[in-house]
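Enquirer: I need the structure of the sequence given here:
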Amino acid sequence: MSIETYLKKFILVFILGAIAWSCQDDDVVPDDDSADSTFNPAKDEIVVDKKEIRAAWIATVGNYDWPITKSDPAAQKLELTMQLSRCQTLNFNAVILQIRPVADAFYPSELEPWSVYLTGVQGQNPGYDPLKYAIDESHRMGMEFHAWLNPYRIGSTSAILASSHVAVKSPSWVVTYNGVRYFNPGLPEVRAHLMAVVNDIITRYEVDAIHFDDYFYPSGAKSTTTPFGFDDKTAFEKYGNGKDIHTWRADNVNTMVAEVSQLIKANKPGVLFGISPSGRRENSVDLYADPFVWLDNKWVDYLAPQIYWEFGHAVADFGKQAAFWNSNARGVPMVIGIAAYKFKDPAYPAYGSVSEIDRQIEEVRKSSNLHGCFYFRMRFLENTELFNFLKTKYVWKSVLPVMGKLTAPTVGAPVVSHAGLLLSWASVSGAKKYALYLLEKDKDVNNTFNAHVVQINSDQKFTGTSGKSYFVTALNDDQVESVRSNVFTIK
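Expert: Just a heads-up that it's a prediction; the model follows:
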(Lines give C-alpha, C1' and ligand atoms only; values in the text may rest on other atoms or scores of the structure.)
Protein backbone atom coordinates (compact mmCIF):
# COMPACT_ATOMS: atom_id res chain seq x y z
CA MET A 1 0.00 0.00 0.00
CA SER A 2 1.39 3.35 -0.99
CA ILE A 3 1.81 6.14 1.50
CA GLU A 4 -0.74 8.20 -0.43
CA THR A 5 -3.37 5.44 -0.23
CA TYR A 6 -2.66 4.90 3.46
CA LEU A 7 -3.11 8.60 4.22
CA LYS A 8 -6.45 8.71 2.37
CA LYS A 9 -7.76 5.76 4.38
CA PHE A 10 -6.52 7.31 7.64
CA ILE A 11 -8.24 10.58 6.92
CA LEU A 12 -11.49 8.78 6.01
CA VAL A 13 -11.47 6.77 9.24
CA PHE A 14 -10.73 9.93 11.26
CA ILE A 15 -13.67 11.83 9.70
CA LEU A 16 -16.10 8.93 10.25
CA GLY A 17 -14.95 8.63 13.85
CA ALA A 18 -15.39 12.34 14.47
CA ILE A 19 -18.90 12.21 13.07
CA ALA A 20 -19.77 9.23 15.26
CA TRP A 21 -18.36 10.95 18.36
CA SER A 22 -20.30 14.13 17.53
CA CYS A 23 -23.56 12.19 17.23
CA GLN A 24 -22.86 10.38 20.49
CA ASP A 25 -22.20 13.69 22.23
CA ASP A 26 -25.54 15.08 20.99
CA ASP A 27 -27.30 12.05 22.47
CA VAL A 28 -25.65 12.40 25.86
CA VAL A 29 -25.81 16.23 26.26
CA PRO A 30 -28.81 17.56 24.35
CA ASP A 31 -28.88 21.07 22.96
CA ASP A 32 -30.78 23.47 25.22
CA ASP A 33 -33.44 24.02 22.54
CA SER A 34 -34.24 20.31 22.49
CA ALA A 35 -34.25 19.91 26.27
CA ASP A 36 -37.43 18.94 28.06
CA SER A 37 -39.43 22.15 28.46
CA THR A 38 -41.88 20.75 31.01
CA PHE A 39 -41.97 22.59 34.31
CA ASN A 40 -40.40 20.64 37.17
CA PRO A 41 -41.50 22.01 40.57
CA ALA A 42 -38.56 20.32 42.27
CA LYS A 43 -35.92 22.33 40.45
CA ASP A 44 -37.50 25.09 38.35
CA GLU A 45 -38.11 28.68 39.44
CA ILE A 46 -41.12 30.79 38.42
CA VAL A 47 -40.63 34.46 37.51
CA VAL A 48 -43.93 36.36 37.26
CA ASP A 49 -44.28 39.27 34.82
CA LYS A 50 -44.25 42.72 36.45
CA LYS A 51 -47.74 44.01 37.12
CA GLU A 52 -48.54 47.16 35.17
CA ILE A 53 -51.48 49.41 34.48
CA ARG A 54 -51.99 50.27 30.81
CA ALA A 55 -54.50 52.82 29.61
CA ALA A 56 -55.34 55.51 27.09
CA TRP A 57 -56.79 58.93 27.80
CA ILE A 58 -60.01 59.47 25.85
CA ALA A 59 -60.50 63.23 25.53
CA THR A 60 -64.01 64.59 25.00
CA VAL A 61 -63.18 68.30 25.12
CA GLY A 62 -63.34 69.62 21.57
CA ASN A 63 -64.58 66.14 20.54
CA TYR A 64 -60.90 65.31 20.18
CA ASP A 65 -61.33 61.57 20.67
CA TRP A 66 -64.99 60.95 21.38
CA PRO A 67 -67.77 61.42 20.52
CA ILE A 68 -67.05 61.96 16.85
CA THR A 69 -70.73 62.13 15.90
CA LYS A 70 -73.11 64.48 17.73
CA SER A 71 -76.76 63.93 18.63
CA ASP A 72 -76.75 60.27 17.62
CA PRO A 73 -76.73 57.86 20.59
CA ALA A 74 -76.32 54.72 18.47
CA ALA A 75 -73.35 56.17 16.57
CA GLN A 76 -71.73 57.46 19.76
CA LYS A 77 -72.08 54.09 21.45
CA LEU A 78 -70.57 52.30 18.46
CA GLU A 79 -67.66 54.76 18.31
CA LEU A 80 -66.86 54.28 21.98
CA THR A 81 -67.20 50.51 21.82
CA MET A 82 -64.77 50.42 18.90
CA GLN A 83 -62.26 52.55 20.80
CA LEU A 84 -62.56 50.42 23.92
CA SER A 85 -62.19 47.30 21.78
CA ARG A 86 -58.89 48.64 20.48
CA CYS A 87 -57.74 49.08 24.06
CA GLN A 88 -58.84 45.54 24.84
CA THR A 89 -56.92 44.22 21.83
CA LEU A 90 -53.82 45.91 23.22
CA ASN A 91 -54.38 44.12 26.54
CA PHE A 92 -54.95 47.45 28.29
CA ASN A 93 -56.56 47.05 31.70
CA ALA A 94 -57.92 50.57 32.27
CA VAL A 95 -59.44 53.49 30.39
CA ILE A 96 -59.46 57.19 31.33
CA LEU A 97 -62.52 58.95 29.93
CA GLN A 98 -63.07 62.70 30.28
CA ILE A 99 -66.58 63.08 31.75
CA ARG A 100 -66.45 66.72 32.97
CA PRO A 101 -64.52 68.67 30.34
CA VAL A 102 -65.76 72.25 30.94
CA ALA A 103 -67.86 71.96 34.09
CA ASP A 104 -70.50 70.13 32.09
CA ALA A 105 -71.44 66.49 32.38
CA PHE A 106 -71.43 63.26 30.37
CA TYR A 107 -74.14 61.96 32.67
CA PRO A 108 -77.48 63.25 33.98
CA SER A 109 -76.73 65.68 36.79
CA GLU A 110 -78.65 68.13 38.94
CA LEU A 111 -75.41 70.01 39.57
CA GLU A 112 -74.15 70.66 36.04
CA PRO A 113 -75.64 70.72 32.53
CA TRP A 114 -75.27 68.07 29.86
CA SER A 115 -71.97 68.48 28.02
CA VAL A 116 -71.89 70.55 24.87
CA TYR A 117 -69.73 67.87 23.25
CA LEU A 118 -72.59 65.37 23.17
CA THR A 119 -75.06 67.33 21.06
CA GLY A 120 -73.42 70.64 20.20
CA VAL A 121 -75.71 72.45 22.64
CA GLN A 122 -74.81 72.59 26.31
CA GLY A 123 -77.68 71.38 28.47
CA GLN A 124 -79.34 69.30 25.76
CA ASN A 125 -80.20 65.73 26.73
CA PRO A 126 -78.36 63.26 24.43
CA GLY A 127 -81.01 60.58 24.93
CA TYR A 128 -78.92 58.15 26.96
CA ASP A 129 -76.44 58.04 29.84
CA PRO A 130 -72.95 58.08 28.25
CA LEU A 131 -71.15 57.56 31.56
CA LYS A 132 -73.13 54.44 32.44
CA TYR A 133 -72.63 53.05 28.96
CA ALA A 134 -68.88 53.72 29.10
CA ILE A 135 -68.51 52.10 32.52
CA ASP A 136 -70.52 49.04 31.54
CA GLU A 137 -68.57 48.56 28.31
CA SER A 138 -65.20 49.04 30.00
CA HIS A 139 -66.01 46.54 32.71
CA ARG A 140 -67.45 44.08 30.18
CA MET A 141 -64.09 44.19 28.38
CA GLY A 142 -62.13 43.66 31.59
CA MET A 143 -60.88 47.24 32.03
CA GLU A 144 -61.09 49.60 34.98
CA PHE A 145 -62.90 52.88 34.41
CA HIS A 146 -61.16 56.07 35.56
CA ALA A 147 -63.45 59.11 35.46
CA TRP A 148 -61.46 62.12 34.25
CA LEU A 149 -62.55 65.52 35.58
CA ASN A 150 -61.18 69.02 35.15
CA PRO A 151 -61.59 70.75 38.52
CA TYR A 152 -61.32 74.41 37.48
CA ARG A 153 -61.64 74.85 33.72
CA ILE A 154 -64.85 76.31 32.27
CA GLY A 155 -63.59 77.11 28.78
CA SER A 156 -63.38 79.91 26.27
CA THR A 157 -65.29 83.14 26.80
CA SER A 158 -66.67 82.65 23.28
CA ALA A 159 -68.50 79.48 24.35
CA ILE A 160 -72.22 79.76 25.00
CA LEU A 161 -73.02 78.42 28.45
CA ALA A 162 -76.33 76.85 29.40
CA SER A 163 -78.50 78.88 31.76
CA SER A 164 -78.12 76.08 34.30
CA HIS A 165 -74.31 76.27 34.23
CA VAL A 166 -72.90 77.19 37.63
CA ALA A 167 -70.75 79.89 36.04
CA VAL A 168 -73.96 81.58 34.85
CA LYS A 169 -75.75 81.13 38.15
CA SER A 170 -72.70 82.18 40.23
CA PRO A 171 -70.60 84.54 38.09
CA SER A 172 -68.61 85.72 41.10
CA TRP A 173 -66.99 82.29 41.20
CA VAL A 174 -65.38 82.89 37.81
CA VAL A 175 -62.05 84.44 36.83
CA THR A 176 -61.35 85.16 33.16
CA TYR A 177 -57.73 84.91 32.11
CA ASN A 178 -56.39 85.14 28.54
CA GLY A 179 -59.83 84.58 27.07
CA VAL A 180 -60.58 81.49 29.16
CA ARG A 181 -62.94 81.17 32.11
CA TYR A 182 -61.80 79.39 35.27
CA PHE A 183 -63.36 78.74 38.63
CA ASN A 184 -61.54 80.70 41.33
CA PRO A 185 -59.63 78.06 43.34
CA GLY A 186 -59.51 80.41 46.34
CA LEU A 187 -63.26 80.34 47.01
CA PRO A 188 -64.66 77.82 49.51
CA GLU A 189 -67.87 77.74 47.45
CA VAL A 190 -65.93 76.49 44.42
CA ARG A 191 -64.37 73.69 46.43
CA ALA A 192 -67.75 72.78 47.91
CA HIS A 193 -69.28 72.55 44.44
CA LEU A 194 -66.45 70.34 43.21
CA MET A 195 -66.86 68.08 46.24
CA ALA A 196 -70.57 67.75 45.46
CA VAL A 197 -69.78 66.82 41.85
CA VAL A 198 -67.23 64.18 42.86
CA ASN A 199 -69.53 62.75 45.51
CA ASP A 200 -72.38 62.57 43.02
CA ILE A 201 -70.23 60.54 40.63
CA ILE A 202 -68.76 58.07 43.10
CA THR A 203 -72.08 57.37 44.84
CA ARG A 204 -74.20 56.95 41.70
CA TYR A 205 -71.72 55.21 39.39
CA GLU A 206 -69.36 52.25 39.65
CA VAL A 207 -66.25 54.19 38.69
CA ASP A 208 -62.91 52.69 39.70
CA ALA A 209 -61.08 56.01 40.02
CA ILE A 210 -61.44 59.78 39.92
CA HIS A 211 -58.72 61.30 37.74
CA PHE A 212 -57.54 64.92 37.44
CA ASP A 213 -55.12 66.09 34.75
CA ASP A 214 -52.56 68.92 34.80
CA TYR A 215 -54.95 71.91 34.68
CA PHE A 216 -54.91 73.87 37.93
CA TYR A 217 -54.19 77.60 37.96
CA PRO A 218 -53.54 78.65 34.36
CA SER A 219 -50.05 78.89 32.95
CA GLY A 220 -48.74 82.44 33.44
CA ALA A 221 -50.81 83.19 36.52
CA LYS A 222 -47.74 82.78 38.71
CA SER A 223 -46.06 86.13 38.10
CA THR A 224 -43.89 88.35 40.24
CA THR A 225 -44.59 91.44 38.12
CA THR A 226 -48.38 91.11 37.63
CA PRO A 227 -49.52 88.73 40.38
CA PHE A 228 -53.17 89.64 39.87
CA GLY A 229 -53.23 89.21 36.12
CA PHE A 230 -55.30 86.26 37.22
CA ASP A 231 -57.70 88.48 39.12
CA ASP A 232 -58.43 86.75 42.40
CA LYS A 233 -57.45 89.77 44.50
CA THR A 234 -60.83 90.09 46.23
CA ALA A 235 -60.76 86.45 47.33
CA PHE A 236 -57.14 86.78 48.41
CA GLU A 237 -57.92 89.79 50.57
CA LYS A 238 -60.81 87.92 52.16
CA TYR A 239 -59.20 84.51 52.67
CA GLY A 240 -55.45 85.12 52.47
CA ASN A 241 -54.93 85.12 56.25
CA GLY A 242 -51.63 86.97 56.01
CA LYS A 243 -50.03 84.64 53.47
CA ASP A 244 -48.32 85.88 50.35
CA ILE A 245 -50.30 85.40 47.14
CA HIS A 246 -48.19 82.49 45.87
CA THR A 247 -48.35 80.51 49.10
CA TRP A 248 -52.09 81.12 49.32
CA ARG A 249 -52.73 79.89 45.80
CA ALA A 250 -50.63 76.77 46.33
CA ASP A 251 -52.53 76.10 49.55
CA ASN A 252 -55.82 76.45 47.68
CA VAL A 253 -54.86 73.65 45.31
CA ASN A 254 -53.53 71.49 48.13
CA THR A 255 -56.70 72.01 50.16
CA MET A 256 -58.80 70.97 47.17
CA VAL A 257 -56.74 67.82 46.56
CA ALA A 258 -56.87 66.92 50.25
CA GLU A 259 -60.63 67.41 50.44
CA VAL A 260 -61.29 65.32 47.32
CA SER A 261 -59.09 62.56 48.72
CA GLN A 262 -60.82 62.62 52.10
CA LEU A 263 -64.26 62.66 50.49
CA ILE A 264 -63.55 59.60 48.37
CA LYS A 265 -62.01 57.64 51.24
CA ALA A 266 -64.97 58.47 53.49
CA ASN A 267 -67.77 57.74 51.03
CA LYS A 268 -66.37 55.16 48.59
CA PRO A 269 -63.03 53.87 49.94
CA GLY A 270 -62.53 51.40 47.10
CA VAL A 271 -62.39 54.22 44.52
CA LEU A 272 -58.89 55.45 43.62
CA PHE A 273 -57.84 59.08 43.26
CA GLY A 274 -55.13 59.86 40.72
CA ILE A 275 -53.62 62.99 39.22
CA SER A 276 -51.52 63.35 36.07
CA PRO A 277 -49.35 66.48 36.44
CA SER A 278 -46.68 67.68 34.06
CA GLY A 279 -43.73 65.34 33.68
CA ARG A 280 -41.49 68.06 35.12
CA ARG A 281 -42.21 68.96 38.71
CA GLU A 282 -41.09 72.53 38.00
CA ASN A 283 -43.82 72.95 35.39
CA SER A 284 -46.47 71.76 37.79
CA VAL A 285 -45.25 74.00 40.60
CA ASP A 286 -45.64 76.93 38.20
CA LEU A 287 -49.38 76.12 38.21
CA TYR A 288 -49.34 76.17 42.04
CA ALA A 289 -49.61 72.38 42.04
CA ASP A 290 -46.77 70.58 43.84
CA PRO A 291 -47.06 66.79 43.52
CA PHE A 292 -44.60 66.27 46.37
CA VAL A 293 -47.16 67.64 48.83
CA TRP A 294 -49.80 65.19 47.58
CA LEU A 295 -47.35 62.29 47.71
CA ASP A 296 -46.04 63.08 51.17
CA ASN A 297 -49.59 63.28 52.54
CA LYS A 298 -50.77 60.20 50.59
CA TRP A 299 -53.68 62.20 49.18
CA VAL A 300 -53.35 60.45 45.81
CA ASP A 301 -53.41 56.72 45.17
CA TYR A 302 -51.33 57.07 42.04
CA LEU A 303 -49.48 59.84 40.22
CA ALA A 304 -49.14 59.85 36.43
CA PRO A 305 -46.50 62.42 35.37
CA GLN A 306 -46.88 63.30 31.70
CA ILE A 307 -43.32 62.86 30.42
CA TYR A 308 -44.00 64.05 26.89
CA TRP A 309 -40.37 64.40 25.82
CA GLU A 310 -37.82 62.13 24.26
CA PHE A 311 -34.56 60.68 25.53
CA GLY A 312 -31.91 63.33 25.00
CA HIS A 313 -34.26 66.31 25.26
CA ALA A 314 -32.22 69.30 26.41
CA VAL A 315 -34.53 70.32 29.26
CA ALA A 316 -36.68 67.29 30.03
CA ASP A 317 -34.84 64.14 29.02
CA PHE A 318 -37.26 61.22 29.32
CA GLY A 319 -34.79 58.98 31.09
CA LYS A 320 -33.87 61.61 33.64
CA GLN A 321 -37.49 62.52 34.33
CA ALA A 322 -38.48 58.86 34.69
CA ALA A 323 -35.59 58.32 37.10
CA PHE A 324 -36.65 61.42 39.04
CA TRP A 325 -40.16 60.12 39.62
CA ASN A 326 -38.92 56.62 40.31
CA SER A 327 -36.67 58.02 43.04
CA ASN A 328 -39.35 60.34 44.44
CA ALA A 329 -42.38 58.05 44.47
CA ARG A 330 -42.62 58.37 48.26
CA GLY A 331 -44.50 55.10 48.52
CA VAL A 332 -47.14 56.00 45.92
CA PRO A 333 -47.40 54.06 42.63
CA MET A 334 -46.16 56.03 39.63
CA VAL A 335 -47.59 55.68 36.12
CA ILE A 336 -45.88 57.44 33.23
CA GLY A 337 -47.77 59.42 30.59
CA ILE A 338 -46.48 58.71 27.06
CA ALA A 339 -46.82 61.18 24.16
CA ALA A 340 -48.51 58.99 21.56
CA TYR A 341 -49.66 62.21 19.87
CA LYS A 342 -46.09 62.96 18.81
CA PHE A 343 -45.65 59.72 16.87
CA LYS A 344 -44.84 60.42 13.21
CA ASP A 345 -45.42 64.16 13.67
CA PRO A 346 -42.68 65.93 11.66
CA ALA A 347 -42.46 68.55 14.40
CA TYR A 348 -41.05 65.85 16.71
CA PRO A 349 -38.38 63.96 14.74
CA ALA A 350 -37.38 61.87 17.77
CA TYR A 351 -40.78 60.19 17.48
CA GLY A 352 -40.30 59.37 13.81
CA SER A 353 -40.20 55.64 14.52
CA VAL A 354 -41.47 53.30 17.22
CA SER A 355 -37.98 53.01 18.72
CA GLU A 356 -38.46 56.06 20.97
CA ILE A 357 -41.70 54.77 22.50
CA ASP A 358 -40.19 51.29 22.73
CA ARG A 359 -37.31 52.64 24.76
CA GLN A 360 -39.69 54.57 27.01
CA ILE A 361 -41.80 51.49 27.75
CA GLU A 362 -38.71 49.49 28.65
CA GLU A 363 -37.42 52.30 30.88
CA VAL A 364 -40.70 52.19 32.80
CA ARG A 365 -40.63 48.40 33.07
CA LYS A 366 -37.15 48.27 34.56
CA SER A 367 -37.94 50.96 37.20
CA SER A 368 -39.27 49.47 40.42
CA ASN A 369 -41.60 52.35 41.36
CA LEU A 370 -43.01 52.94 37.87
CA HIS A 371 -46.05 50.75 37.37
CA GLY A 372 -47.18 51.23 33.80
CA CYS A 373 -47.98 53.69 31.02
CA PHE A 374 -50.90 55.93 30.07
CA TYR A 375 -51.04 56.99 26.41
CA PHE A 376 -52.14 60.45 25.29
CA ARG A 377 -54.39 60.05 23.53
CA MET A 378 -56.85 57.53 22.09
CA ARG A 379 -57.17 58.78 18.50
CA PHE A 380 -53.40 58.53 18.05
CA LEU A 381 -53.50 54.84 18.91
CA GLU A 382 -55.50 54.39 15.70
CA ASN A 383 -52.23 54.81 13.79
CA THR A 384 -51.71 51.34 12.33
CA GLU A 385 -47.95 51.26 12.81
CA LEU A 386 -48.11 52.40 16.43
CA PHE A 387 -51.04 50.11 17.21
CA ASN A 388 -49.33 47.05 15.76
CA PHE A 389 -46.14 47.88 17.59
CA LEU A 390 -47.94 48.20 20.94
CA LYS A 391 -49.47 44.77 20.37
CA THR A 392 -45.92 43.37 20.41
CA LYS A 393 -45.22 45.15 23.71
CA TYR A 394 -48.41 43.96 25.38
CA VAL A 395 -48.62 40.36 24.19
CA TRP A 396 -49.82 39.18 27.58
CA LYS A 397 -52.48 40.51 29.90
CA SER A 398 -51.46 42.02 33.24
CA VAL A 399 -52.86 42.01 36.73
CA LEU A 400 -53.28 45.59 37.92
CA PRO A 401 -50.74 46.83 40.46
CA VAL A 402 -52.07 47.36 43.96
CA MET A 403 -52.96 51.02 44.48
CA GLY A 404 -54.58 52.94 47.31
CA LYS A 405 -55.63 51.94 50.77
CA LEU A 406 -56.47 48.27 51.21
CA THR A 407 -60.16 47.82 51.94
CA ALA A 408 -60.79 44.09 51.42
CA PRO A 409 -59.55 40.97 53.21
CA THR A 410 -56.98 38.79 51.49
CA VAL A 411 -58.25 35.69 49.73
CA GLY A 412 -57.08 32.11 49.62
CA ALA A 413 -55.54 30.25 46.72
CA PRO A 414 -57.87 28.51 44.26
CA VAL A 415 -58.03 24.74 44.43
CA VAL A 416 -57.57 23.66 40.82
CA SER A 417 -58.35 20.36 39.18
CA HIS A 418 -58.06 19.26 35.59
CA ALA A 419 -59.59 16.72 33.30
CA GLY A 420 -58.08 16.45 29.87
CA LEU A 421 -57.49 19.98 28.60
CA LEU A 422 -59.94 21.59 31.01
CA LEU A 423 -58.72 23.35 34.16
CA SER A 424 -61.38 24.30 36.69
CA TRP A 425 -61.51 25.62 40.23
CA ALA A 426 -64.03 26.22 42.96
CA SER A 427 -65.14 29.70 43.99
CA VAL A 428 -62.87 31.42 46.51
CA SER A 429 -64.59 33.46 49.23
CA GLY A 430 -63.99 37.17 48.70
CA ALA A 431 -62.46 36.76 45.24
CA LYS A 432 -63.49 39.27 42.58
CA LYS A 433 -61.55 37.74 39.70
CA TYR A 434 -59.11 34.96 38.93
CA ALA A 435 -55.84 35.23 37.01
CA LEU A 436 -54.64 32.26 35.02
CA TYR A 437 -50.93 32.11 34.20
CA LEU A 438 -49.14 30.21 31.47
CA LEU A 439 -45.57 29.08 32.15
CA GLU A 440 -43.06 29.61 29.39
CA LYS A 441 -39.50 28.31 29.60
CA ASP A 442 -36.94 31.12 29.72
CA LYS A 443 -34.66 30.91 26.70
CA ASP A 444 -31.71 32.49 28.46
CA VAL A 445 -31.85 31.38 32.09
CA ASN A 446 -31.70 27.71 33.02
CA ASN A 447 -34.36 26.18 35.28
CA THR A 448 -36.51 29.31 34.98
CA PHE A 449 -40.04 29.67 33.70
CA ASN A 450 -41.73 33.02 33.03
CA ALA A 451 -45.36 33.27 34.13
CA HIS A 452 -47.64 35.20 31.75
CA VAL A 453 -51.28 36.08 32.40
CA VAL A 454 -53.58 34.72 29.70
CA GLN A 455 -56.95 35.17 31.42
CA ILE A 456 -58.29 37.60 34.06
CA ASN A 457 -62.00 37.45 34.79
CA SER A 458 -64.56 35.83 37.05
CA ASP A 459 -64.57 32.55 35.09
CA GLN A 460 -63.68 29.40 36.98
CA LYS A 461 -62.43 27.34 34.07
CA PHE A 462 -59.94 27.45 31.23
CA THR A 463 -59.23 25.18 28.30
CA GLY A 464 -55.48 24.71 28.10
CA THR A 465 -53.05 23.28 25.56
CA SER A 466 -51.39 19.89 25.73
CA GLY A 467 -47.83 20.10 27.04
CA LYS A 468 -48.33 23.49 28.69
CA SER A 469 -48.19 24.30 32.41
CA TYR A 470 -50.54 26.66 34.26
CA PHE A 471 -51.44 28.01 37.68
CA VAL A 472 -54.24 30.21 39.02
CA THR A 473 -54.47 33.04 41.59
CA ALA A 474 -57.47 34.77 43.12
CA LEU A 475 -57.82 38.56 43.29
CA ASN A 476 -59.76 40.56 45.86
CA ASP A 477 -61.35 43.99 45.33
CA ASP A 478 -57.98 45.71 45.95
CA GLN A 479 -56.23 43.66 43.24
CA VAL A 480 -54.26 41.84 45.93
CA GLU A 481 -53.41 38.35 44.68
CA SER A 482 -53.61 35.16 46.63
CA VAL A 483 -50.73 32.74 46.69
CA ARG A 484 -50.75 30.66 43.56
CA SER A 485 -52.39 27.30 43.14
CA ASN A 486 -50.41 24.20 42.34
CA VAL A 487 -48.92 24.12 38.86
CA PHE A 488 -50.74 21.82 36.48
CA THR A 489 -49.13 20.46 33.33
CA ILE A 490 -51.58 19.22 30.75
CA LYS A 491 -50.36 15.96 29.28
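
Enquirer: isn't there a strand covering residue 360?
Expert: No: using DSSP: H, G, I helix; E, B strand; the rest coil, the assignment for residue 360 is helix, not a strand.

Enquirer: Strands along the stretch 351-491 of the chain, start to end?
Expert: Assigned by DSSP state E, counting those that start in this stretch, the stretch 351-491 of the chain shows strands spanning 370-375, 416-419, 422-425, 433-441, 448-457, 461-463, 469-475, 488-489.

Enquirer: Redo those as TSV? Include mean neighbour count.
Expert: Where you see a C-beta, it was placed from the backbone N, CA and C, and this is true even at glycine. Listed next are those as TSV, based on neighbours: other C-beta atoms under 10 Å:
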stretch	mean neighbour count
strand 370-375	25
strand 416-419	15
strand 422-425	18
strand 433-441	22
strand 448-457	18
strand 461-463	14
strand 469-475	24
strand 488-489	17
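
Enquirer: check contacts around the closest residue to residue 227 other than its chain neighbours.
Expert: Nearest non-adjacent residue to residue 227, counting by C-beta to C-beta, 6 or more residues apart in numbering: residue 245, 5.0 Å away. Applying C-beta atoms under 8 Å, 6 or more residues apart in numbering, one finds that residue 245 lies in contact with 227-228, 236.

Enquirer: Strands of the stretch 51-200 of the chain, residue ranges please.
Expert: With DSSP E, counting those that start in this stretch as the criterion, the stretch 51-200 of the chain has strands at 53-58, 94-100, 144-149, 153-156, 174-177, 180-183.

Enquirer: Given the last one, what are its sheet partners and their directions?
Expert: Under the criterion DSSP bridges, strand 180-183 sits next to strand 153-156 (antiparallel), strand 174-177 (antiparallel) in its sheet.

Enquirer: quick one: which of the ones you listed is nearest residue 336?
Expert: Residue 336 sits nearest to strand 153-156 of all the strands paired with strand 180-183, at 23.7 Å, using C-beta to C-beta.

Enquirer: mind listing what residue 305 touches?
Expert: Residue 305 makes contact with 276-279, 291, 321, 325, 334, 336-337, according to C-beta under 8 Å, 6+ apart.

Enquirer: so can I have CSV of the residues you listed showing neighbour count, distance to residue 261 and pLDDT?
Expert: As requested, the contacts of residue 305 are arranged in CSV below (neighbours: other C-beta atoms under 10 Å; distance: C-beta to C-beta, whole Å; pLDDT from 0 to 100):
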residue, neighbour count, distance to residue 261, pLDDT
276, 24, 15, 98
277, 25, 15, 98
278, 23, 20, 98
279, 24, 22, 98
291, 22, 13, 98
321, 24, 25, 98
325, 23, 20, 98
334, 23, 17, 98
336, 26, 22, 99
337, 23, 21, 98
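
Enquirer: Quickly name whichever of those is closest to residue 402.
Expert: Of all these, residue 402 sits closest to residue 334, with 13.4 Å by C-beta to C-beta.

Enquirer: Could you give the bridge partners of the closest one?
Expert: residue 303, residue 370.

Enquirer: From residue 479, how far out is it?
Expert: Distance of residue 334 to residue 479, computed by C-beta to C-beta, to the nearest Å: 16 Å.

Enquirer: quick one on the thing from earlier: filter the contacts of residue 245 to the buried ones?
Expert: 227, 236 (16 or more other C-beta atoms under 10 Å).
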